[in-house]
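Enquirer: fold the following and give me the result.
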Amino acid sequence: MVGAAVRTEPPPTPMVAVSDLSIHYDGVPALEGVSLEIRRNEIFGIIGPANSGKTSFLRALNRMDDFTRGMQVGGRVLVDGHDVRRVRNVYALRSRIGVVFPLPVGLPMSVYDNVALSPRLGGIRGKAKLDVIVERCLRRAALWDEVKDRLKSLGSLLSGGQQQRLTIARALSQEPDILLLDEFSIAVDPVTTMRIEDVLKELRDELTIVLVTNLVQQARRLADRTAFFLGGRCVEILPTEEMFTGTVQDPRTREYVEGRFG
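Expert: Presented below is the predicted three-dimensional model:
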């Protein structure tokens, strides 16, 4: 008796697929030959010393190079199967990719308007709908309880940690598929850092997170997989706990996570 054929499901399309990515600034290389995939609904960590190409990698994902003078990008970057260099509507691409920078970037407007800006630009005008979006995003950023009574106050009057969480709330108001975080805890106190980390763990179920950090223990706490960048190249990618406790392929990775350089 012949057994029934076993049906195999095709592997899921990665959220981000990068092939032979290179980045130069006025001809000077910053990143060379990077190829990797980032899965859906994972926190993907990127660690490495300064000038290893981590931030440049983020810039290539949503075409931030369009705003960076002298930055040239080669290779291929696919987001959800679409080549970011070929998309016709760059604004639609960026609306799917929220970005949180190292220092809080508060817009010169109220807390409410900071979060409501993107939905308004997307055509939402009704106050009731905006109220729901603002509260939801502030709650997701663990900030609602602290600002619910001063939504009309300037966002710039919040503490540094609150402003960084406001930046996250604003990024989430776009309803992104991907959230890019570039050294988000540089200007944030340790207590607020841990609160934001708890938020990121909860967001994993809703979107894909790419976390650039110079704190290797932060990557260990948060990331499902971690890439080690050095000298403009991706040295290796491993499940995070394996990178810290297992046998890495490249001794430079072990030396870096053990704090011997960087």
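Enquirer: quick one, grab the pLDDT at Glu146.
Expert: Confidence at Glu146, expressed as pLDDT, is 95.
Enquirer: now do the buried residues in the helix or strand that contains it.
Expert: Per DSSP states H and E, Glu146 falls inside helix 144-147. When neighbours are counted by 16 or more other CB atoms under 10 Å, the buried residues of helix 144-147 are found to be 144, 147. Every residue, glycine included, has its C-beta placed from N, CA and C.
Enquirer: how far does the helix or strand following that helix sit from its chain's centre?
Expert: For helix 144-147, the following helix or strand on the C-terminal side (DSSP H and E) is helix 160-172. The offset between the C-alpha centroid of helix 160-172 and the centroid of the whole chain comes to 14 Å, using CA atoms, centre = their mean, to the nearest Å.
Enquirer: what packs against helix 160-172?
Expert: Contact analysis of helix 160-172 by 3 or more CB pairs under 8 Å, 6 or more residues apart in numbering; DSSP states H and E lists strand 97-100, helix 111-121, helix 127-140, helix 144-147, strand 178-182, helix 190-203 as its packing neighbours.
Enquirer: for the helix holding Glu146, packing partners?
Expert: Helices and strands in packing contact with helix 144-147 are listed as helix 127-140, helix 160-172; criterion 3+ CB pairs under 8 Å, 6+ apart.
Enquirer: so which residues make contact with the shortest one?
Expert: Outside helix 160-172, the residues within contact range by CB atoms under 8 Å, 6 or more residues apart in numbering are 98-101, 104-107, 111, 114-115, 117-118, 137-138, 140-143, 146-147, 155-156, 158, 179, 184-185, 187-189, 191-193, 195-196, 199, 203.
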